[in-house]
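J.: my questions are about this predicted structure, shown below with the sequence.
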Amino acid sequence: AVEIIGVWFSHAPQKLECRWADLLMTLPGAAAPFEGFGSSDCRCRSHLVYFDSSAAIEKFHTAIQ
């Protein structure tokens, strides 16, 4: 069981899921608890990223703006 802290979405015409997953995985403390989750149609390690602290959420938000 997990507590969902946030969900990000975009109305942009381009697909951002892989970019966001790549960026999230570069942040300190990022982990891919299930390799290949949500990324069976691309080459990403995973589209599910885990952090043990919410500090990474602010770094991600800043990076995508």
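T.: That came through, no problem. Numbering: from 1, shown residues only.
J.: contacting residues around Leu27?
T.: If you count contacts by CB atoms under 8 Å, 6 or more residues apart in numbering, Leu27 has them with Phe51, Ala56, Lys59, Phe60. (Glycine included, C-beta is placed from N, CA and C.)
J.: give me the three-state assignment for the last one.
T.: Going back to what we said before, that points to Phe60. At Phe60 the chain is in helix, as set by DSSP: H, G, I helix; E, B strand; the rest coil.
J.: in which helix or strand does the residue minimising distance to the centre of the chain reside?
T.: The residue lying closest to the centre of the chain (CA atoms, centre = their mean) is Ala21, at 4.0 Å. Element membership for Ala21 (DSSP states H and E) is helix 17-26.
J.: circling back: got the contacts of Leu27 as JSON lines, with distance to Arg45, neighbour count and pLDDT columns?
T.: Shown next, in JSON lines, are those (distance: CB to CB, whole Å; neighbours: other CB atoms under 10 Å; pLDDT from 0 to 100):
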{"residue": "Phe51", "distance to Arg45": "15", "neighbour count": "17", "pLDDT": "83"}
{"residue": "Ala56", "distance to Arg45": "16", "neighbour count": "17", "pLDDT": "72"}
{"residue": "Lys59", "distance to Arg45": "19", "neighbour count": "16", "pLDDT": "78"}
{"residue": "Phe60", "distance to Arg45": "16", "neighbour count": "20", "pLDDT": "77"}
